[in-house]
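Novice: From the sequence below, what's the structure:
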Amino acid sequence: MKKLMTLLILASITLFMSACATDKEKLLPEKTVCEKPTAPLQETYWKLTSFGMLKMAVSGKSHIILKQDGRVIGSGSCNRLMSSFTQDENHLSFSPAASTMMMCPDMNEERKFFQALGKVTDYKVYGESLDLYAEDKLVLRFKAVYLQ
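Specialist: Numbers count the residues shown, from 1 in each chain. Below is the predicted model:
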């Protein structure tokens with residue numbers, strides 16, 4: 001009788017432990033998704049990853065930082081840029097950008113980048129990505145980069 005009781009207790013504990021492990025495994029992917037931070041629009045280093053839906057390679061040098069005081073600082077693929085922005089809910093717009101005037105071998109990315117910034121009307125931040133839209137058309141996509 002004692003052996004049977006011990007066996008039942010061990011079986012119950014094993015069953016309980018395996019049920020808990022299964023629940024944790026089921027929750028793990030959801031927990032990971034829920035804990036993924038959403039980068040703030042302001043004071044984040046946003047690195048350009050693509051020009052909307054265009055299949056144009058980007059250098060990885062173009063970026064922007066939207067400062068809390070309404071200034072924008074950043075760089076095209078060659079020159080530094082300075083601008084200002086206005087934000088209202090999901091609407092975002094940039095004033096015409098001023099930049100340094102260095103001449104570089106390939107100015108195509110920078111020219112497209114500065115032109116696209118001037119057309120932006122809306123934005124969306126999700127996770128660590130920032131999408132900028134001109135009307136309803138995706139024009140620029142960025143990824144948050146955390147500097148140490």
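
Novice: show me the contacts for the residue most central in space within the chain.
Specialist: Geometric centre of the chain, nearest residue: residue 129, 1.9 Å, by C-alpha atoms, centre = their mean. Counting by C-beta atoms under 8 Å, 6 or more residues apart in numbering, residue 129 makes contact with 141, 142, 143, 144. Where C-beta positions appear, they are placed from N, C-alpha and C, glycine not excepted.

Novice: run the last query once more with 6 Å
Specialist: For residue 129, the contact set (C-beta atoms under 6 Å, 6 or more residues apart in numbering) comprises residue 143.

Novice: Repeat that for residue 87.
Specialist: Residue 87 touches nothing, counting by C-beta under 6 Å, 6+ apart.

Novice: next helix or strand past the worst-scoring helix or strand of the chain on mean pLDDT?
Specialist: Lowest mean confidence among the helices and strands of the chain (mean pLDDT, DSSP states H and E): helix 2-35, at a mean of 46. Remark: after helix 2-35, the chain's next helix or strand is strand 45-50, criterion DSSP states H and E.

Novice: For that next one, give the mean pLDDT please.
Specialist: The average pLDDT within strand 45-50 is 96.

Novice: Please save the CA atoms from it in PDB.
Specialist: The C-alpha trace of strand 45-50 is given here as PDB (Å, rounded to 0.1, in the frame of the first residue of the first chain):
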ATOM      1  CA  TYR A  45      19.200  56.800 -34.000                       C
ATOM      2  CA  TRP A  46      17.100  55.700 -37.000                       C
ATOM      3  CA  LYS A  47      19.300  54.000 -39.700                       C
ATOM      4  CA  LEU A  48      17.900  54.000 -43.300                       C
ATOM      5  CA  THR A  49      17.300  50.400 -44.500                       C
ATOM      6  CA  SER A  50      15.200  51.000 -47.600                       C
END
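
Novice: buried set for that strand?
Specialist: 45, 46, 47, 48, 50 (16 or more other C-beta atoms under 10 Å).

Novice: Closest to residue 123 out of the residues you listed?
Specialist: Residue 123 has its nearest neighbour among those in residue 46, at 10.2 Å by C-beta to C-beta.

Novice: shouldn't that closest one be in contact with residue 130?
Specialist: Yes - contact status for residue 46 versus residue 130: in contact at 5.2 Å, counting by C-beta atoms under 6 Å.

Novice: got any residues that touch both of the two?
Specialist: Residues touching both residue 46 and residue 130 (C-beta under 6 Å, 6+ apart) are residue 142.
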